[in-house]
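Undergrad: Generate coordinates for the sequence data below:
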Amino acid sequence: MDRLVNSEANARRIACVEQCFGSSGQPLAIPGRVLVGEGVLTKICRKKPKPRQFFLFDDILVYGSILVNKKKYNSQRILPLEDIKLESVEDDGNLRNGWKIISPSKSFVVYAATAVEKQQWISHIKKCINNLLLKRGISQPPSTENDSPVWVPDASVDKCMHCRASTFTVLNRRHHCRKCGMVVCSACSERRWLLPQQSSKPLRVCLTCYEKLSSAKNMSGITNTGGSGDSSGEDSSEEEEEAGGDSKAVNAQHDNFQSYSTSPMV
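TA: Numbering: from 1, shown residues only. Here you go, the predicted structure:
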C-alpha cells in the first residue's frame, strides 16, 4: 500500500514539473522514473549569476529558467546522471557553497544558499549516480577530453585570453571557446570544430584548441567537418538560454533543497 501511495505521489510531482515547463519542455514521465528532490541554485552564467530551478530525478538532472516561481519555467536542460561528475569549488565573495557540475554536453558552476544545502544536493546526486550505475552494471569513467568546459564568466576578463592583446569593447565582442571555455576575441576564435557531445554542428574554438584538435586528428586519422566561417548560431542559442527568466540573481530567494524521501527506490 505504501509503495502504491508513493508511486501515485511521485507521478503527481512529475506531472506538476511537466506542467510548469509547458509545451517548451520535454516529457519527463517514463515508467520507473522517480523525482528525488528539487530546489533553486545560483548558476554561473556567461553574463552574471542567475537563479535556476533544479529537479533531481533518479536518472537525470533537469534545470530551467524561473519565470514564475513554482509555477512556470523555460529553457529546459536535461543532463543524464550517468555522465555527471561533481567537483567542489572555493567560495568567491558573496558566492559561497558551490560546486561544478561536469558533463560532456554542458558543464557549469552552481552555488547553494547554505553549506547544509550544498551537502544535501551533492549527497543526493552522488547517491542517485551510484544507484544508477549499479543498476545498469556500468562504471563511470574519470574526467575525460569529452567533457565540456566550464566557461570563464564574461565579467572576469577584459582582454582576450588567447592573444592577450585584444581589449573587449561594445564592438569587439567576447566569445567562448567550446573546447577550453576561455573568453577570446573573434580573430582568435574564427575556427570551428565538431564536438558531437555538445552539438551536431561545428562549434567555435580558439586557435590553440584548433591546433591541438587538428594534430590529434592527423595522428588518429579521424575526420572532422570543422573549419572557419559562421558560428551556425551557437552564440545566439546560448544567449537565449542565459537571458531567460529572472534578473535578480544572487539576491533571489532560494528554496531549500526539498527531498521526497517517501518516493520509491530512494
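Undergrad: Just checking, which helix or strand succeeds the longest helix along the chain along the chain?
TA: Secondary structure assigned by DSSP state H gives helix 115-136 as the longest helix of the chain. Per DSSP states H and E, the first helix or strand lying C-terminal to helix 115-136 is strand 175-176.
Undergrad: So what touches that next one?
TA: With C-beta atoms under 8 Å, 6 or more residues apart in numbering as the test, strand 175-176 has contacts from 46, 151-152, 182-186, 189, 204, 235, 238. Just so you know, the C-beta spots here come from the backbone N, C-alpha and C atoms, and that holds for glycine as well.
Undergrad: So for residue 146, what's the pLDDT?
TA: Listed pLDDT for residue 146 reads 84.
Undergrad: Now it. Nearest residue, chain neighbours left out?
TA: Leaving aside its chain neighbours, residue 146 sits nearest to residue 104 (4.9 Å; criterion: C-beta to C-beta, 6 or more residues apart in numbering).
Undergrad: looking at this, the one you found is in a strand?
TA: No. Residue 104 is assigned coil when assessed by DSSP: H, G, I helix; E, B strand; the rest coil, not a strand.
Undergrad: Wait, it touches residue 197, no?
TA: Yes. Under the criterion of C-beta atoms under 8 Å, residue 104 makes contact with residue 197 at 3.6 Å.
Undergrad: Just the buried residues of the contacts of strand 175-176.
TA: The neighbour-count test (16 or more other C-beta atoms under 10 Å) applied to the contacts of strand 175-176 identifies 46, 151-152, 182-185, 189, 204, 235 as buried.
Undergrad: List just the nearest of the residues you listed to residue 217.
TA: residue 204 (17.4 Å; C-beta to C-beta).
Undergrad: any weak-confidence spans in the stretch 101-250 of the chain?
TA: 143, 220-250 (pLDDT under 70).
Undergrad: 80 instead?
TA: Across the stretch 101-250 of the chain, the ranges flagged by pLDDT under 80 are 140-145, 217-250.
Undergrad: What segments of the chain are strands?
TA: Along the chain, the stretches classed as strands by DSSP state E are 35-44, 49-57, 60-68, 72-80, 85-88, 98-102, 108-111, 175-176, 183-184, 191-194, 202-205, 258-259.
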